[in-house]
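[1] Have a look; sequence and predicted model below, questions after that.
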Amino acid sequence: RLYQIPFEMPDCTAESEPHTLHLVGDFSAPAEFFVTLGVFSFLYAMAALVLYLRFHSLYADNKKLPFADFCITVCFAFFWLVAAAAWGKGLSDVKAATRPSSLIASMSVCHGQDAVCNAGATPAMGLANISVVR
């Protein structure tokens, strides 16, 4: 599945209107996986909290319930690690697709002999990087 992210690009002629350039790529899957895992983790934590507080005697008397709880928690920890790696990969893909030099290379107006295109400043991605680390 490919998504196209549009942005406006001038054509550098006096009478022309800006046209839309589409970045091709699907950058949503890692974010969707990360958010879905977070929602399921939250729901499981709430269910476990109800079990621990409301049905403490059932949890204490049954020997299989704590082991099942431990196994589910280990699975969530593993999937959280996988989701963090996928989130990091998705972020690096977004950075590569929106790097100024990549954008200039995809603009047809910059391929002319008389055209001079500057990449400008690289966008700040500090908060995005922190989201992967945290």
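    Great, that's in hand. Residues are numbered from 1 along each chain as shown.
[2] which non-adjacent residue is nearest F79?
    L37 (5.5 Å; Cβ to Cβ, 6 or more residues apart in numbering). Placement of C-beta: from N, CA and C, glycine included.
[3] Distance of the one you found relative to P123?
    Distance, L37 to P123, using Cβ to Cβ, to the nearest Å: 27 Å.
[4] More neighbours: the two, which one.
    Shown here are L37 and P123; by other Cβ atoms under 10 Å, L37 has more neighbours (18 against 10).
[5] got a pLDDT number for that one?
    Model confidence at L37, given as pLDDT, is 95.
[6] For it, give me its contacts.
    F76, F79, W80, A83 (Cβ atoms under 8 Å, 6 or more residues apart in numbering).
[7] Let's have the residues you listed in JSON lines, adding pLDDT.
    As requested, those are exported to JSON lines (pLDDT from 0 to 100):
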{"residue": "F76", "pLDDT": "96"}
{"residue": "F79", "pLDDT": "96"}
{"residue": "W80", "pLDDT": "93"}
{"residue": "A83", "pLDDT": "92"}
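[8] ok, of the residues you listed, which one's closest to F67?
    F76 (15.1 Å; Cβ to Cβ).
[9] Give the helix, strand or coil label for the closest one.
    helix (DSSP: H, G, I helix; E, B strand; the rest coil).
[10] Could you measure from it over to Y44?
    7 Å.
[11] With T36 instead?
    13 Å.
[12] What score does F55 have for pLDDT?
    pLDDT at F55 comes out at 88.
[13] and what of F7?
    Looking at F7, the pLDDT reads 56.
[14] Helices along the chain, start to end?
    Assigned by DSSP state H, the chain shows helices spanning 29-54, 56-61, 64-97, 100-106, 126-133.
[15] Tell me who's in contact with N129.
    L91.
[16] where does the protein have low pLDDT?
    Counting by pLDDT under 70, the chain contains low-confidence ranges at 1-24, 120, 134.
[17] And the residue nearest the centre of it?
    A31 (3.4 Å; Cα atoms, centre = their mean).
[18] need the contact list for it.
    Here A31 is in contact with W87, G90 (Cβ under 8 Å, 6+ apart).
[19] Distance check, F67 against A77.
    16 Å.
[20] Much appreciated, bye for now.
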